Structures are given as C-alpha cells and as structure tokens.
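K.L.:
need a structure here:
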Amino acid sequence: MKALTDKQLSFSAYSHDLDIPLDQIDIADWLFNLPEAEYQRCCPPDHISCGATFTDDGRRMSINVEKIGTGLVIQHYVAEEATPSYCRMNSISDVFTPTGERTQVNVIWELIAEAIDGNRTRYTNRVTSHPTDVFMTFIEAHGQTFEEASAARQAASGDHNHRETPLFAESIARKARAKASAK
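P.N.:
Presented below is the predicted three-dimensional model:
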C-alpha cells in the first residue's frame with residue numbers, strides 16, 4: 001500500500017477561538033490522554049471510540065474510530081510531531097463502506113494552537129486526505145472517477161471537521177483549565 005501524496009482527496013481547516021492563554025494549552029497531552037467518552041462528545045454521533053498506543057518503534061499513536069459520511073473509518077494516527085501547541089498526525093486509515101467493503105486513505109491531521117492576544121488562543125483543526133494505491137484501485141473497480149470520489153470525500157470530511165472543531169477546541173480548553181486550577 002502506497003500513499004499518493006501528489007493527489008489531494010480532500011482538505012478542510014476550521015478554527016475556533018478560546019478564552020485561555022496559549023501557554024496553558026497542551027494539545028499533545030490532551031490527544032494522548034483523551035477519555036473515550038470525551039472523544040464521543042466531540043462529534044456526536046460520528047465519534048465512536050479512541051485510544052492511545054505506540055508503534056513498534058516507540059512513536060506515539062492515536063487510534064480513532066468514527067463515521068465520516070457513510071464510511072466507518074478506523075484511523076491509525078502516528079505522531080510525526082507532538083508538542084503543546086502543534087500535533088501533526090499521519091494515518092493510513094481503513095474505510096469500510098456501508099456494504100462492508102474496505103479501502104484505505106492517507107489522512108494528515110494537524111491540531112494547531114496559536115496565540116491571538118495575551119489571553120486568547122485560536123485552535124485550528126486541519127485535515128488533508130490523499131488517496132492510496134488501494135483506494136485508486138477500489139474506485140476504479142466501482143466505476144467512479146477520482147473527481148467524483150474527491151467531491152464526495154470533500155463534502156463528508158468538510159462537514160465532519162466543521163462540526164468537531166469547536167468541540168475539540170472547547171475540550172482542549174477544559175483540560176487546560178482543570179490542569180491550571182489543580183496547581
């Protein structure tokens with residue numbers, strides 16, 4: 001299986017402003033310690049389950065199970081960078097269709113926190129999807145063009161990201177406030 005990063009299947013980026021200073025935010029800590037019930041609250045009814053683990057070579061991973069459009073997606077996000085203000089996660093995600101067929105896409109998930117003034121932070125949730133060779137074979141076998149598949153993925157992924165971004169941001173802020181008040 002090979003990711004085809006020269007082709008973009010979908011892209012969306014949404015932001016949400018928070019009343020909390022950037023130095024209190026720790027996205028990596030939030031992501032790798034996210035309780036399942038909190039993950040589910042961040043995009044109901046799409047978010048099903050999550051967990052954190054490691055690759056065989058010790059890199060941090062976030063496993064997410066969710067519905068995006070009509071597909072059940074199992075994401076195996078490997079941390080390429082994980083800091084308090086920025087995480088770049090890379091997944092070869094399994095996508096199951098309503099008929100139970102399986103394909104794979106490459107998803108880059110970026111979680112970004114930036115100061116917008118002394119006490120406010122802007123959270124941005126950026127998701128970029130690329131096809132894999134497996135995906136290209138799958139759509140060809142189903143008589144679908146890349147443009148048709150891309151349009152469908154763009155609509156579904158954009159809608160999902162639009163709904164989850166403010167809920168992720170507020171969850172990150174709640175964790176930061178709880179940590180600050182515990183000191």
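K.L.:
how about the helices in the protein?
P.N.:
27-32, 36-41, 133-141, 146-182 (DSSP state H).
K.L.:
out of those helices, flag the one nearest residue 12.
P.N.:
With CB to CB as the criterion, residue 12 lies closest to helix 146-182 of the helices of the chain, at 4.3 Å. Every residue, glycine included, has its C-beta placed from N, CA and C.
K.L.:
determine which stretch of the helices of the chain is the most buried.
P.N.:
helix 27-32 (a mean of 20; mean count of other CB atoms under 10 Å).
K.L.:
to residue 73, which of the helices of the chain lies closest?
P.N.:
helix 146-182 (9.4 Å).
K.L.:
just checking, what packs against that closest one?
P.N.:
strand 10-18, helix 27-32, helix 36-41, strand 60-68, strand 102-117, strand 120-131, helix 133-141 (3 or more CB pairs under 8 Å, 6 or more residues apart in numbering; DSSP states H and E).
K.L.:
rebuild these as a markdown table, extending it with mean pLDDT and distance to residue 162.
P.N.:
Output for the helices and strands packed on helix 146-182, formatted as a markdown table (pLDDT from 0 to 100; distance: least, CB to CB, whole Å):
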| stretch | mean pLDDT | distance to residue 162 |
| --- | --- | --- |
| strand 10-18 | 97 | 5 |
| helix 27-32 | 98 | 19 |
| helix 36-41 | 96 | 16 |
| strand 60-68 | 97 | 12 |
| strand 102-117 | 96 | 15 |
| strand 120-131 | 97 | 9 |
| helix 133-141 | 94 | 23 |
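K.L.:
can you put the ones you listed in a markdown table and add distance to residue 74?
P.N.:
Listed next are the helices and strands packed on helix 146-182 as a markdown table, based on distance: least, CB to CB, whole Å:
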| stretch | distance to residue 74 |
| --- | --- |
| strand 10-18 | 17 |
| helix 27-32 | 17 |
| helix 36-41 | 14 |
| strand 60-68 | 5 |
| strand 102-117 | 10 |
| strand 120-131 | 14 |
| helix 133-141 | 14 |
